[in-house]
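J.: Whatever this is, show me its structure:
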Amino acid sequence: MIIGSLPLIGISYQSAAKDIQYIQELAYNRTAIAKIYEKAIELGLTNFAASPFPESRVTKNHLSELKRLSETHPISVIPCVGIPLGLQGKSIDVYRRWATVYRTYGEMNVPPSSTGSILKSFLTDPILQFRPNWKENLSIAVSDGKWYSSSEISAIHLFTQEVEENISKLEKLPIQEIEYGSELDFLFAIERLDLVGELIDIAHALGYEVAFGIHHAGLSLSKILEASVEAQTILTPINPLGVMMFPSRDSAVSLIKKTREKYRIIGIKCIAGGRIQPSHAFKYLHEKVDDFMVGVASISELLEAFEAARDTGLKL
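T.: Predicted coordinates for the structure are as follows:
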């Protein structure tokens, strides 16, 4: 059981009001974070996630508590590092990126999810809804055909120095693996495995093993297996509601099962941003993952998750 970081930096995936509550009560309150972490240590939990970028007061507070904790306890941290991608020196557009991934599904003749079309699953996913103007902007990008062209795809590049600098900023943390973020799905969709290899080389050169954060399991995991990509761990959403499991829950679970034969799988979004009770969510996880991550916003939530995981027989 890995303690997630998002509630502790003010992200609830529930409402703007809940985000504000988390920011005020947790993200700006290092004492509150410390109490949750101290209880986790008391329970024998020593693995933690971190979302250190972009840098802000809340992310710095969180990292400071992890560093303080590491001075007195043998903990390990999995920090998520975003992938800065560019085209002609400018950052790529997030909506064009998603439109390109959507087009890739069509070219692969992937069956629609059980809840409708793949595009509908993107537009209506309850966690993606918290991105500003998500539905409107992605709908326009798809309807106007704003996906990246083949010539643009071949010219997309990595801002290498930014990746190196961001990872170097984490050197005081007891890092288990560097998790590269969800931009990986885009790189696998456009088959830019050269950039994936470059990311792996950067982490290895700095002395770290690599984990992949994947949200399009039905697309990316098949490509990872085909290419035998050099990574130890894959973090991917898995929950009974199918939240953030693309293109569908069943296709994602099928590939997760196959991928576990070669890679360690960590389940994320297990309680779907607080939409599922831990006892129900963790029963669904049983024998599907090697480990799992869950965010908590209080000691009571930590205890509820811990007891549910213990009662379900999940790895603690």
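J.: Ramachandran angles for the most centrally placed residue in the chain?
T.: For the chain, the residue nearest the mean C-alpha position is Gly213 (4.7 Å; CA atoms, centre = their mean). Here is the backbone geometry of Gly213 (degrees, to the nearest 10): phi -90, psi 110.
J.: sec struct for Met293, please.
T.: Under DSSP: H, G, I helix; E, B strand; the rest coil, the three-state class of Met293 is strand.
J.: number of nearby residues for it?
T.: 21 (other CB atoms under 10 Å). Quick note: C-beta positions are derived from backbone N, CA and C, even for glycine.
J.: Who's the closest spatial neighbour of it, skipping the chain neighbours?
T.: Counting by CB to CB, 6 or more residues apart in numbering, Met293 lies nearest to Ile2, which is 4.2 Å off, once chain neighbours are set aside.
J.: How far off centre is stretch 242-258?
T.: Relative to the centre of its chain, stretch 242-258 is centred 15 Å away, using CA atoms, centre = their mean, to the nearest Å.
J.: Now do the end-to-end distance for it.
T.: Length of stretch 242-258, first residue to last, CA to CA, to the nearest Å: 18 Å.
J.: which residues touch that stretch?
T.: 105, 110-115, 118, 121-122, 125-128, 215-219, 221-222, 225, 236-241, 265, 269, 272-273, 275, 288-289 (CB atoms under 8 Å, 6 or more residues apart in numbering).
J.: quick check: mean pLDDT across it?
T.: Averaging pLDDT along stretch 242-258 gives 94.
J.: Likewise for stretch 35-50?
T.: 97.
J.: Also stretch 161-180?
T.: 94.
J.: Compute the first-to-last residue distance for that stretch.
T.: 15 Å.
J.: For that stretch, buried residues please.
T.: Using 16 or more other CB atoms under 10 Å as the test for burial, stretch 161-180 gives Val163, Asn166, Ile167, Leu170, Leu173, Pro174, Ile175, Gln176, Glu177, Ile178, Glu179, Tyr180.
J.: ok so, going back, would you check that the residue nearest to the centre of the chain makes contact with Ile178?
T.: No. Contact criterion CB atoms under 8 Å: Gly213 and Ile178 do not qualify, at 10.3 Å.
J.: and the gap between the residue nearest to Met293 and Leu63?
T.: Using CB to CB, to the nearest Å, Ile2 is found at 16 Å from Leu63.
J.: what's near enough to touch the residue nearest to the centre of the chain?
T.: Per CB under 8 Å, 6+ apart, neighbours of Gly213: Cys80, Glu179, Tyr180, Gly181, Ser182, Leu184, Leu235, Thr236, Ile268.
J.: Let's verify the first one: helix, strand, or coil?
T.: With three-state DSSP as the basis, the three-state label of Cys80 is strand.
J.: If it is in a bridge, with which residues?
T.: Glu179 (DSSP bridges).
J.: if I pick it, what's in contact with it?
T.: Ala49, Ala50, Ser51, Pro52, Glu179, Tyr180, Gly181, Gly213.
J.: which one is the second one nearest to, not counting chain neighbours?
T.: Sequence neighbours aside, Pro79 is the residue nearest to Ala50 in space, at 4.1 Å (criterion: CB to CB, 6+ apart).
J.: One more: His286?
T.: Using CB to CB, 6+ apart, the closest residue to His286 is Thr312 (5.8 Å).
J.: Got the phi and psi for that neighbour?
T.: phi -90, psi -10.
J.: shouldn't Lys227 be in contact with Arg192?
T.: In this structure residue 227 is Ala, not Lys. No. With contacts counted by CB under 8 Å, Ala227 stays clear of Arg192, the gap being 11.4 Å.
J.: what about the two, which has more around it?
T.: Arg192 (18 against 13).
J.: Now that one. Its backbone dihedrals?
T.: Torsion angles, degrees, to the nearest 10, at Arg192: phi -100, psi 70.
J.: How about the contacts made by it?
T.: Contacts of Arg192 (CB under 8 Å, 6+ apart): Ile153, Ile156.
J.: can you give me the strands for the stretch 101-250 of the chain?
T.: 157-158, 178-180, 210-213, 233-237 (DSSP state E, counting those that start in this stretch).
J.: can you give me the offset of the third one from its chain's centre?
T.: Relative to the chain's own centre, strand 210-213 is displaced by 9 Å; criterion: CA atoms, centre = their mean.
J.: again with the last one
T.: Relative to the centre of its chain, strand 233-237 is centred 7 Å away, using CA atoms, centre = their mean.
J.: ok, and what's touching that strand?
T.: 78, 177, 179, 209-215, 217, 221, 224, 243-245, 252, 256, 259, 263-270, 293.
J.: which of the residues you listed count as buried?
T.: 78, 177, 179, 210-215, 217, 221, 224, 243-245, 252, 256, 259, 263-270, 293.
J.: So which bits of stretch 73-93 are buried?
T.: So for stretch 73-93, counting by 16+ other CB under 10 Å, buried means Ile75, Val77, Ile78, Pro79, Cys80, Val81, Gly82, Ile83, Pro84, Leu85, Ile92.
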